[in-house]
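Trainee: give the three-dimensional model of this entry:
(chains A and B)
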Amino acid sequence: MTFPSEPDAVGRDLPRRDGAVKVLGTAGYAGDAPLADAAYLHAVQATIARGRVTALDTTAAEALDGVVAVLTPATAERLASTEDRELAVLQDEEVAFRGQVVALVVADCSEAARHAAALVRVGYARQAHDVELRADRDDLYAPEKVNPDFPADTSEGDVDAALAAAAVTLDETYTTAMYHNNPMEPHATAALWDPAGDGFLTLWDSTQGVHPTRAVLAPLFGLDEARVRVVCPYVGGGFGSKGQPHVNVVLAAMAARAVPGRPVRIALTRQQMFALAGYRTPTVQRCRLGAGRDGRLTALAVDVVEQTSRIKEFAEQTGVPARMMYASANRRTTHRLAALDVPVPSWMRAPGECPGMFGPEVAMDELAERLGLDPVELRIRNEPAVEPGSGKPFSSRDLVGCLREGAARFDWSRRDPRPGVRRRGDWLVGTGVAASTYPVSRMTKSTATIRREGGRYVAEIGAADLGTGTWTTLAQIAADALGVPMDRVEVRIGDTDHPVASVAGGSSGMTTWGSAVVEAARAFRAEHGAEPPDGAEASGAVGPADDRYAMHAFGAQFAEARVHIDTGEVRVARLLGVFAAGRIINPRTARSQFVGGMTMGLSMALHEQSVLDPRTGHVVNHDFADYHIAANADVDGIEAHWLPEHDPHVNAMGSKGIGEIGIVGTAAAVSNAVWHACGVRVRNLPITLDKVLHALEQRPGS
Amino acid sequence: MKPFDYLSPVDAAAAVRSVAGNPGAVFLGGGTNLVDHLKLGVVAPELVVGLAGVLPAEVEELDGGGLRIGAGVSNSELAADRRVRERFPVLSQALLSGASGQLRNMATVGGNPLQRTRCAYFQDVTTRCNKREPGSGCSAIGGWTRHHAVLGASEHCIAVHPSDMAVAMAALDARVRVLGPAGERTVPFVGLHRLPGDAPERDTVLEHGELITAIDLPAAPIARRSAYRKVRDRASYAFALVSVAAALDVEDGVIVDARVAFGGVAHAPWRADRAEEALRGAPASERSYRDAADAELAGARPAEGLDGGNAFKIPLLRRTLAATLRGLAGEESR
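Mentor: Next comes the predicted model:
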């Protein structure tokens, strides 16, 4: 390894290299692809949740001025592969969820395309649909694995016997809502075939991974990957929803081939994103805990029920964090799915950990209450010596440090544990804590190339920057790995013309791409020495992870919640997170990731909920007026801190990945604080005023 | 969206003539609601008549301390007007609690009361809605009713009027000056909006082609002690679950007079006459506030639906009214 133990650029608080072009509005997003004579695509969506399309009358749409083409299952090209039924669009007449694409219109302008789409008349043979997730359904099934590759169930020891013998037990059910990723930039794609209709396909797509998108798209159209280029220098947020291509990419490529010689653009509307761009499943989490009087857990069981779609399985690994978080000799986790007539769920920031640290972390607070123990102390008492399950040592684990540092910063030692007894003006005030965790992930495939160009070193890799800071942080890593100042390093990402890179997912970007860059720098110096000639070039690839260790980042989040004494309005006055996430590459972009994650967690705690109407099967509140995301006024004091952590095992840089851990545990900390404020345990997210109002009605003097 | 013609009339009378003469014509004020509807297909007009520059955009003094607010005044300007803040704080507070800064800069005083319900089903043309398509049915009944009515709804529609400004206007006995093809008329603000009954497609009593040119606020010394309290699901940029506009005159611990209106609970801004009646002459006490709320809410009916429906609005409104009146009474005594 050539990476220095005392790096220079890494660890410095540096501004984003892409900041200026974004502020100036000159950064070219997918929708800005410079294409002459582009046509515009708008999708026609099913208005039933299950059945078949029996008639498609496109006459009025085709007659409209400016309409170039209308494609239906009868006229659309046959894809080379229909295995992925989410992407097998317009291949048959079956409708598997409301909002599914049943036709598309291409026109000279987006307004004409949208108007024409509304003129397509669709007839259906309707079947009864089923979109209701309930834990008491009789058709729940155990998936073969949960995302990405964990067993659905685990069992150690004898949970039932341990619960029966425990001095204190808890058995409660917690639910998280259906959530939509809702990046600001919609899913957008432009497609161009050159020469017309054949040969080479170029896609400008808003994606978390240009190479992964290409790897999915090329076989759909029967192409070698070498005949597809995907370009995406900037992404206006993805939160997982752009981690895998959705139907917009297929539609754009299909439509562009149907209008030879013209590029075709599509941008999903906000409403369409609630049916076509993935979402997080609602979850039902039955949590059982058994403990001795000293607070040490003797039994821990988490049984998860969640949904997937009938046409494509996605099993969120909600029960997985409970497998390694705390020590317990007896442990069981299960996942059961209901396959429903709903859109296809997918990744959303911290799949598994985000919902899966809600139930258990509120349960720990409830257990602390029953034991009369401080919730920080309860967690410390249940620290495992090695990773439960695998028995591997942790590469580093400083949950205890995070809890102690956060407690000190939050003045936790002066906390009165009694709920509902603090009032400030018209507000009841309470504080709560919860733990965070996220695994250190390393993808298997990524290569970087480093080349001398004049006085500079150019590092190329098809990585993505979703606003996370990749443009800047990869340059920091490259500079230190080469032993040169930052200003001599240029980074080029976001294009399949660069060496292959993995998806920006699982907080794996820095570990994976950074390791490839470090390897490329090592190879470059080995081949070309300290004074390389112009044009000198070398490549390096990410190596395998050190599987002797269990690798995770940890954190502790503290919240101060206020509940209005009259109205029950819930506000979070302060959020403080302390994280132990290895070496921090860039404090500025890191703080943005932590605070962004915590804000999204606050939003999940208080606001976010996709309301699926069981009568129709669609998300009723499918816009930003009704799907509430925390506004500026909802985010009051918010702080992220981190502990210095040296972990030589995770990767050359010693970094752990920080894009997702910030959203993990926040909702539990807020719920625990709301209980402390007003005495109501809100086990079903979001924490809205109607869920605490009854307790206010019963307060004396009310 | 469907293509339409756009007209910039020379004056308000020309605007009225253009719309009155064409059943497919609509007025465009700030566009903060109509433009959404054009994109969503909720409306598909043949002709859009822009009102920029043709409506009065000043706030003028009326005798005795009243104000005449031109329909072209923006929500931001009105909220910031010193006379409004001193004489009618409830109105300024209501305006500032609505929408976002950007939207308030665009939204006009004339357009604000005429904005349409934000019922999610009304705004989604793939669902049935009696307001959008008379006779097609109401999808909200039995659906997602969190933002729906508990007062004055019908079996045909349970939508609520979304405006905050309108709730304050209703409490202040405002009068709406209307220009129509047959000339000018004045409509009391509390009579401007209809309850849905069996014609929920009609939000107001205005005829096609009638244009709001100004809103008059009569002098009201009581309004100097007034407040708007909006309760919503996030701290900013959300429609009211319930809201209360209130003014209170207390002497020697006795309520001499009161003005009360509710928002977020009915198809119209809800002037709470029964609550006002209960308050007049009563002691300024928690008990009186609760009794007043109970008097008004005796006829309230929750809309059952997903996620527990909206029954919470009834205790929430009772508590919000009491808190608002308690706050005003406290202000009086200081």
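
Trainee: for the residue nearest the centre of chain B, give me the pLDDT.
Mentor: Nearest to the geometric centre of chain B sits residue B:166, at 2.8 Å (Cα atoms, centre = their mean). At residue B:166, the pLDDT value in this model is 98.

Trainee: spit out the contact partners of it.
Mentor: Contact analysis of residue B:166 by Cβ atoms under 8 Å, 6 or more residues apart in numbering or on different chains lists B:112, B:113, B:189, B:193, B:263, B:269. Backbone N, C-alpha and C define where each C-beta goes, glycine included.

Trainee: pipe those residues into CSV and attach distance to chain A per row.
Mentor: Output for the contacts of residue B:166, formatted as CSV (distance: Cβ to the nearest Cβ, whole Å):
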residue, distance to chain A
B:112, 16
B:113, 19
B:189, 25
B:193, 21
B:263, 14
B:269, 20
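
Trainee: tell me which of those residues fall in strands.
Mentor: Among the contacts of residue B:166, the members found in strands (DSSP state E) are residue B:263.

Trainee: ranking by neighbours, what's the top pick from the contacts of residue B:166?
Mentor: In terms of neighbours by other Cβ atoms under 10 Å in any protein chain shown, these top out with residue B:263 at 34 neighbours.

Trainee: can you tell me the closest non-neighbouring residue to the one residue in the stretch 301-450 of chain A that gets nearest to chain B?
Mentor: In the stretch 301-450 of chain A, the residue that lies nearest chain B is residue A:426 (7.5 Å; Cβ to the nearest Cβ). The shortest distance from residue A:426 to any residue other than its chain neighbours is 5.1 Å, reached at residue A:565 (Cβ to Cβ, 6 or more residues apart in numbering or on different chains).

Trainee: for that neighbour, list the residues it contacts.
Mentor: A:423, A:426, A:427, A:428, A:696, A:699.

Trainee: quick one: it from residue A:429, how far?
Mentor: 10 Å (Cβ to Cβ, to the nearest Å).

Trainee: need the overlap of contacts for the two.
Mentor: Counting by Cβ under 8 Å, 6+ apart, the residues touching both residue A:565 and residue A:429 are residue A:423.

Trainee: right, and residue B:129 touches residue B:135 too?
Mentor: No. Residue B:129 is not in contact with residue B:135 according to Cβ atoms under 8 Å; the separation is 10.4 Å.

Trainee: select the longest helix from chain B.
Mentor: Longest helix in chain B by number of residues, with DSSP state H as the criterion: helix B:313-333.

Trainee: that one: how far from the chain's middle?
Mentor: How far helix B:313-333 lies from its chain's middle: 20 Å, per Cα atoms, centre = their mean, to the nearest Å.

Trainee: so is that helix next to chain A?
Mentor: Yes. Judged by Cβ under 8 Å from any Cβ of the partner chain, helix B:313-333 comes into contact with chain A through B:315, B:316, B:319, B:320, B:322, B:323.

Trainee: alongside chain B, which residues does the stretch 251-400 of chain A contribute?
Mentor: Checking the stretch 251-400 of chain A against chain B by Cβ under 8 Å from any Cβ, the hits are residue A:271.

Trainee: could you pull out the strands for the stretch 251-400 of chain A?
Mentor: A:264-267, A:283-291, A:297-309, A:330-340 (DSSP state E, counting those that start in this stretch).

Trainee: what's the neighbour count on residue 327?
Mentor: Going with chain A. For residue A:327, using other Cβ under 10 Å, the count is 17.

Trainee: should've been chain B
Mentor: Applying other Cβ under 10 Å, we find 17 residues neighbouring residue B:327.

Trainee: the residue lying closest to residue A:393 once chain neighbours are set aside: what's it in contact with?
Mentor: In space, residue A:393 comes closest to residue A:386 once its chain neighbours are excluded; the distance is 5.4 Å by Cβ to Cβ, 6+ apart. Going by Cβ under 8 Å, 6+ apart, residue A:386 touches A:392, A:393, A:394, A:550.

Trainee: for residue A:386, give its distance to residue A:62.
Mentor: 66 Å.

Trainee: mind listing what's buried in stretch B:254-262?
Mentor: Within stretch B:254-262, the residues that count as buried by 16 or more other Cβ atoms under 10 Å in any protein chain shown are B:255, B:257, B:258, B:259, B:260, B:261, B:262.

Trainee: so which of the residues you listed sit within strands?
Mentor: B:255, B:257, B:258, B:259, B:260, B:261, B:262.

Trainee: show me which of those residues is closest to chain A.
Mentor: The closest of those, once distances to chain A are taken by Cβ to the nearest Cβ, is residue B:262, at 13.9 Å.

Trainee: which residues touch that closest one?
Mentor: B:151, B:167, B:242, B:243, B:244, B:245, B:269, B:270, B:272, B:296, B:317, B:321.

Trainee: buried ones among these?
Mentor: Buried subset of the contacts of residue B:262 (neighbour count, 16+ other Cβ under 10 Å): B:151, B:167, B:242, B:243, B:244, B:245, B:269, B:270, B:272, B:296, B:317, B:321.

Trainee: read off the pLDDT value for the third one.
Mentor: As predicted, residue B:242 sits at a pLDDT of 98.

Trainee: residue B:261 is in contact with that one, correct?
Mentor: No. Contact between residue B:242 and residue B:261 fails when scored by Cβ under 8 Å: they sit 11.5 Å apart.

Trainee: what residues does the stretch 101-250 of chain A have near chain B?
Mentor: Close to chain B, as judged by Cβ under 8 Å from any Cβ, the stretch 101-250 of chain A has residues A:111, A:114, A:115, A:118.

Trainee: can I get the residues you listed in TSV including secondary structure and pLDDT?
Mentor: Below are those laid out as TSV (DSSP: H, G, I helix; E, B strand; the rest coil; pLDDT from 0 to 100):
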residue	secondary structure	pLDDT
A:111	helix	95
A:114	helix	96
A:115	helix	96
A:118	helix	96
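
Trainee: the stretch 51-200 of chain A: helices as residue ranges?
Mentor: A:59-63, A:110-119, A:159-165 (DSSP state H, counting those that start in this stretch).

Trainee: just say which of those helices is most tucked in.
Mentor: Mean neighbour count, computed with mean count of other Cβ atoms under 10 Å in any protein chain shown, is highest for helix A:110-119 among the helices of the stretch 51-200 of chain A, reaching a mean of 22.
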